[in-house]
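Student: Turn this into a structure:
(2 chains)
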2 protein chains.
Amino acid sequence: MAVSPLAPAAFPALPVIDGVRFAAVAAGVRYKNRTDVMLAEVAAGSTVAGVFTRSATRSAPVLDCQEKNGGASDGRAAFLVNSGNSNAFTGKAGMTSVAAITDGVARVLGIAPARVFTSSTGVIGEPLPHERIVTALESLRDTLSDDGIEAAARAIMTTDTFPKGAAAEITVNGKTVKIAGIAKGSGMIAPDMATMLVYIFTDAQIGHTPLQSLLSRLTDRTFNCITVDSDTSTSDTLLMAATGASGVDVSDNADFAAALEKVMLDLALQVVRDGEGATKFVTIHVTGAANDADARKVAMATANSPLVKTAIAGEDANWGRVVMAVGKSGAEADRDRLSIRFGNITVAREGWRAPDYSEEAASAYMKQQELEIGIDLGIGTGTSTVWTCDLTHGYIDINADYRS
Amino acid sequence: MAVSPLAPAAFPALPVIDGVRFAAVAAGVRYKNRTDVMLAEVAAGSTVAGVFTRSATRSAPVLDCQEKNGGASDGRAAFLVNSGNSNAFTGKAGMTSVAAITDGVARVLGIAPARVFTSSTGVIGEPLPHERIVTALESLRDTLSDDGIEAAARAIMTTDTFPKGAAAEITVNGKTVKIAGIAKGSGMIAPDMATMLVYIFTDAQIGHTPLQSLLSRLTDRTFNCITVDSDTSTSDTLLMAATGASGVDVSDNADFAAALEKVMLDLALQVVRDGEGATKFVTIHVTGAANDADARKVAMATANSPLVKTAIAGEDANWGRVVMAVGKSGAEADRDRLSIRFGNITVAREGWRAPDYSEEAASAYMKQQELEIGIDLGIGTGTSTVWTCDLTHGYIDINADYRS
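Tutor: Purely as a prediction, here's the structure:
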């Protein structure tokens, strides 16, 4: 599959996080001739926290991770992820597969099974051939290296057209703290807690409770603000490990929170940039709503509207469809106070087409690859920003004949 | 545009409704070389009732109809409908256009402006050139005829590929009561009160209050149970006139309610059959939910899921995406009680792929043009049925370059 036109030029240079090693292998879970399993090992004393999908049909690995999250934090830990099969809706056999893998990882690494977190992504409803993964575990262990993060990012891809990574560094009292993260996601993206699969590592020192609280808060402003197609995965998982190797306590550090948010938003936007069939990257910025919840309703209704998304694909400045989306959102709105802009071009103001509206100028703007739609409801101070992509023939191509 | 593959063979033979006359004309509102305005005149003593979109950005004609609905019911009444321009989000000029048209109709027919109900459908946000309609009013009046209903159905089409009509007759105490209705709708279909434009006529005798209450109740079981693309129109309108010419009082008549529901459902399903780009007609039947509201959440989440709709377009028996939709719906669900069937083929049972699942049989079923997806949540007695279509390249073609 061709790389998304919205992809970054290259995978970013991610810093080595002291205390974390990666390996990837081709286990043949479903795909041929590519890596499909990654292992990350984090050092003793690391803190692990995570956020997970709220789907009522979430996968066996998600259920297992949720049970383990918040458990004992001493001893080494591991993340094991496979692509090609999501081990979702696989009944009791699903948990048997999770147990086989976690027990296997625990055995080859010499750690407690309760410290092994697994994720699976790919087709729903087919039994996971876990023995192919278990067979590959010794090879994974023997190839763990501190610079294997890009290979890990590649091994977890499904319909993704590029691997996704992001990093940040801050300095605290003269000491450097590093954050590096990877993600996968392209379709079935309308996260309801975290998106698809995201793994973030830092050498900062932080306890489970403050890390969990920080992750949950930042997820709501990053991964929960993106949508490709309004469909929510059964496997959405964000796991983070803090090794403490930098010796810097960041429990109440605003710089660390800002740096982590930057990494999370970077990864979230890369998922949008790899949206199935996407040719346009769209920021929807809502202001003047009665409250933030109403602003978010309007932003999401617009971002998920098939008519708005196809107009964007067709480079048609069809702002009437934005009016429609505002109307159906359920948010409080007053036609005569509503203004809409495409970039800096005001297309509608106070309930009607802007007096100086130029179809030519608006159409020219729509030809850009990165678009911003501004919606001001003129009622209150509520705001929301969400990110999405267009709906194209490519999305139909990918999903009408590819069983992901 | 080619006629939808799901279209009925022909426009049905609709009975003449005593007391109702129709006319259609090419006024050149936006389209060339076709009719684009219809007029229906209903006799003195008729009852008129309607249901309308709940969109917060509803059109000027909808606002005007809502104000008039329930008003005085003596004297003749008229419905005037144009296609090509929705007169939505047109500020104060929108109501000026409505007033110009209603005053014009009142003048040429010699009736009260409060008894003239108008609708407009088409592009949003452009001023309605109402003078083109006003100019055509005398010609419309002079061509009113009691068998003009099919011409009226054609005049209100936009992206529709066929005109939509339905009829029913019942016998009460040896007397015949007739119902005839027409509708338009193809995209921006996820009615939140009534769908697009629907006009129903009967010679039954019934007061405004019982007719309004019946219409609202039946709308919830018919037009509010269809979705093409999850987008809700700013113009959705259903208007009904009962002339009383049959002399049969149907105020509490269950046969009449059943006949009217049949007509409404027939029209609603014709809208789905003309869904933009549709190649498959899909019934989604949810049972075993905690309550009816939960069942509806699951049915609508499935019917509106782009991934479910593209799988259907691709004739892929990808029931994992149905599991995903159940999970994201927000309804109470228990993976281990969930069963899914495609037609009579059980594909999933009790949280896993059905033991006797045959990919071959399921794939063969998906090749049919009319599909049924059954979802049993296994929790309670809540049920819901909704109707939808697939999401195809045709939808992208129509909406990425057509400003409807």
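
Student: Run through the residues that contact A:I345.
Tutor: A:I345 sits next to A:S358, A:A361, A:A362, A:Y365 when contact means C-beta atoms under 8 Å, 6 or more residues apart in numbering or on different chains. The way it works is simple: take the backbone N, C-alpha and C, and place the C-beta from them, glycine included.

Student: ugh, wrong one, I meant A:P15
Tutor: By C-beta under 8 Å, 6+ apart, the residues touching A:P15 are A:A167, A:E169, A:K178, A:A180.

Student: that older thread, from the contacts of A:I345, which land in helices?
Tutor: Secondary structure assignment (DSSP state H) places A:A361, A:A362, A:Y365 from the contacts of A:I345 within helices.

Student: Any quick ChimeraX command for the buried ones out of those residues?
Tutor: Listed next is the ChimeraX selection for buried residues among the ones in helices among the contacts of A:I345, using 16 or more other C-beta atoms under 10 Å in any protein chain shown:
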select /A:362,365
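
Student: Now A:R21: closest residue in space that isn't a chain neighbour?
Tutor: Spatially, and ignoring its direct neighbours in sequence, A:R21 is nearest to A:L144 (4.0 Å; C-beta to C-beta, 6 or more residues apart in numbering or on different chains).

Student: ok, the contacts of A:I345 vs chain B, which is closest?
Tutor: The nearest member of the contacts of A:I345 to chain B, counting by C-beta to the nearest C-beta, is A:A362 at 11.5 Å.

Student: so what pLDDT did the closest one get?
Tutor: We have a pLDDT of 94 for A:A362.

Student: One more: A:V250?
Tutor: A:V250 carries a pLDDT score of 93 in this model.

Student: Then the one 5 residues further on?
Tutor: Looking at A:D255, its pLDDT reads 93.

Student: same question, A:Y402
Tutor: In this prediction, A:Y402 has a pLDDT value of 51.

Student: what do you get for A:D229?
Tutor: Model confidence at A:D229, given as pLDDT, is 76.

Student: which ones are touching the nearest residue to it once chain neighbours are set aside?
Tutor: The shortest distance from A:D229 to any residue that is not its chain neighbour, by C-beta to C-beta, 6+ apart, is 4.6 Å, and that residue is B:P306. Residues in contact with B:P306 (C-beta under 8 Å, 6+ apart) are A:D229, A:S230, A:D231, A:P306, A:L391, A:Y395, A:N399, B:L391.

Student: What is the nearest of those to A:Q270?
Tutor: A:D229 (16.4 Å; C-beta to C-beta).

Student: Let me know whether that closest one touches A:G277 as I believe.
Tutor: No: taking C-beta atoms under 8 Å as the contact criterion, A:D229 and A:G277 are not neighbours in contact, 9.5 Å apart.

Student: Which strand or helix spans A:S251?
Tutor: Counting by DSSP states H and E, no helix or strand carries A:S251.

Student: and A:E370, how many neighbours?
Tutor: The burial count assigned to A:E370 is 11, neighbours taken as other C-beta atoms under 10 Å in any protein chain shown.

Student: What distance do you get for A:V108 to A:A23?
Tutor: Between A:V108 and A:A23 the distance is 11 Å, computed by C-beta to C-beta, to the nearest Å.

Student: Need the overlap of contacts for those two.
Tutor: When contacts are counted by C-beta under 8 Å, 6+ apart, A:V108 and A:A23 have A:L140, A:R141 as shared neighbours.

Student: ok, of the contacts of A:I345, which one's closest to B:A153?
Tutor: Within the set of the contacts of A:I345, A:A362 lies nearest B:A153; the separation is 34.6 Å, counting by C-beta to C-beta.

Student: quick one: contacts for that closest one?
Tutor: Going by C-beta under 8 Å, 6+ apart, the list of residues near A:A362 reads A:A317, A:W319, A:F342, A:I345, A:V347.

Student: can I assume A:F201 sits in a strand?
Tutor: Yes: assignment of A:F201 by DSSP: H, G, I helix; E, B strand; the rest coil places it within a strand.

Student: In the stretch 151-300 of chain A, which residue sits nearest chain B?
Tutor: With distances taken as C-beta to the nearest C-beta, the stretch 151-300 of chain A approaches chain B most closely at A:T232, which sits 3.7 Å away.

Student: Break down the stretch 201-350 of chain A into its helices, ranges please.
Tutor: With DSSP state H, counting those that start in this stretch as the definition, the stretch 201-350 of chain A shows helices at residue ranges A:208-221, A:254-273, A:292-303, A:306-313, A:320-328.

Student: For A:F89, find the nearest of those helices.
Tutor: Ranking those by their distance to A:F89 (criterion: C-beta to C-beta) puts helix A:254-273 first, at 23.0 Å.
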